[in-house]
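1. Curious how this folds, go ahead:
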Amino acid sequence: MDVIHLVFLDVVLPILLLMTLGMFLQKKFDFHLRTITKLITYCFMPAAVFLNISQSAFDYQLMGQLFLYLLLFMSSLMLLGTGLAKLLKLETPERAALKNSISLMNAGNYGLPISQLIFSANPLGVSIQIFIIVIQNILTYSYGLYNLMSASKSILNILKALVRLPIIHALILGLVFQISDVPLPNFALIPLEQLADAFMALALFLLGAQLANIKLKAFHQVIVWSLLGRLFVSPALALLFIYLLGIDGVMAQSLLIASALPTSRNTATLALEHQVAPELHAQVVLYSTLVSSITVTVVIYVSMVLF
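-> Residues are numbered from 1 along each chain as shown. Next up, the predicted model:
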């Protein structure tokens with residue numbers, strides 16, 4: 001069996017199985033998904049973020065490369081979405097869907113579990129994914145909301161929402177423990193490890209449950225262009241910037257894999273909250289997640305071959 005089949009069986013298929021379980025059980029029992037989302041946001045994900053950051057050994061020169069890469073990469077995706085929206089002469093709701101779906105990726109519920117599977121023996125890969133999650137959260141509640149033309153969210157309210165995000169607190173606290181090199185006592189470490197270990201399964205279960213209520217419909221042109229931008233052009237741009245900046249090894253692998261992640265589920269959540277083409281946003285998330293099972297497999301294989 002060749003390597004690409006092994007990548008699919010060992011990395012992507014377990015993720016799809018957990019998502020399928022979430023879809024099946026959601027259809028059967030109709031869980032209150034907002035409660036599960038709050039559990040992940042305020043408990044399981046912060047524990048995983050804190051442990052990975054506090055227990056990783058950082059090369060701060062690499063961190064400089066990471067921030068420069070993210071600046072170039074994220075800016076190029078925003079320019080791509082804006083350019084395509086103007087070229088296609090889309091209406092405001094469709095324009096928001098296209099721009100957000102290309103720029104905002106599912107780095108948390110989808111990307112972090114993938115990193116935990118691939119880089120289980122190298123915490124640096126997982127730590128890089130965590131930094132990407134933080135940047136994506138900041139983009140979602142600033143650039144993403146701006147695209148949705150929300151009148152209910154001022155800049156001050158957006159900043160307040162960002163400051164309240166538990167993942168930001170976990171990141172800062174993790175950096176404090178990492179820099180000071182203070183070990184956690186076992187009575188704190190053990191429950192944190194148990195919460196972090198549970199994060200991957202619960203996050204993928206929730207993603208599947210959220211997708212269970214979205215119906216497949218005919219392709220809208222926004223969906224086609226979103227898939228091309230998020231799943232194909234994005235990895236190509238990532239590879240370009242990785243080579244331009246001379247990034248190599250685990251960091252290059254992690255960044256390339258992250259670039260191929262499907263559209264963030266938060267785009268559909270925000271669109272529903274602010275009533276900006278919610279069905280179109282949900283369709284983009286669904287199709288992007290389905291197609292990514294193939295494209296992510298290929299990108300993982302390419303990252304292993306190249307780096």
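2. Run through this protein and note the low-pLDDT ranges.
-> Along the chain, segments meeting pLDDT under 70 span 1-3, 56-60, 149-155, 157-159, 161-162, 216-218, 272-274.
3. can you tell me which residue is nearest the centre of it?
-> Taking CA atoms, centre = their mean, the centroid of the chain lies closest to Ala107, which sits 1.2 Å from it.
4. Could you list which residues are in contact with that one?
-> By CB atoms under 8 Å, 6 or more residues apart in numbering, Ala107 lies in contact with 129, 132-133, 136, 258, 261, 264. Backbone N, C-alpha and C define where each C-beta goes, glycine included.
5. How about Trp225?
-> Trp225 sits next to 84, 88, 98 when contact means CB under 8 Å, 6+ apart.
6. Relative to the whole chain's centre, how far out is the helix or strand where it lies?
-> According to DSSP states H and E, Trp225 maps onto helix 221-227. Averaged C-alpha coordinates place helix 221-227 at 19 Å from its chain's average position (CA atoms, centre = their mean, to the nearest Å).
7. Isn't Leu256 up against Val302?
-> Yes - the pair Leu256 and Val302 qualifies as a contact (CB atoms under 8 Å) at a distance of 7.1 Å.
8. Can I take it that Leu255 is in a helix?
-> Yes - counting by DSSP: H, G, I helix; E, B strand; the rest coil, Leu255 is part of a helix.
9. That one and Tyr69: what is the separation?
-> Here Leu255 is placed at a distance of 6 Å from Tyr69 (CB to CB, to the nearest Å).
10. Overlap in contacts, those two.
-> Residues within reach of Leu255 and of Tyr69 at once, by CB under 8 Å, 6+ apart, are 242, 247.
11. which of these two has more neighbours?
-> Legend: neighbour count by other CB atoms under 10 Å for Leu255 and Tyr69, higher for Leu255 (27 against 20).
12. And the helix or strand following the helix holding Trp225, what's buried?
-> Using DSSP H and E, the helix or strand that directly follows helix 221-227 along the chain is helix 234-244. Neighbour counts over helix 234-244 (16 or more other CB atoms under 10 Å) mark 234-235, 237-239, 241-242 as buried.
13. In CSV: those, plus distance to Val163.
-> Shown next, in CSV, are the buried residues of helix 234-244 (distance: CB to CB, whole Å):
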residue, distance to Val163
Ser234, 29
Pro235, 32
Leu237, 31
Ala238, 29
Leu239, 35
Phe241, 30
Ile242, 32
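14. All set, thanks.
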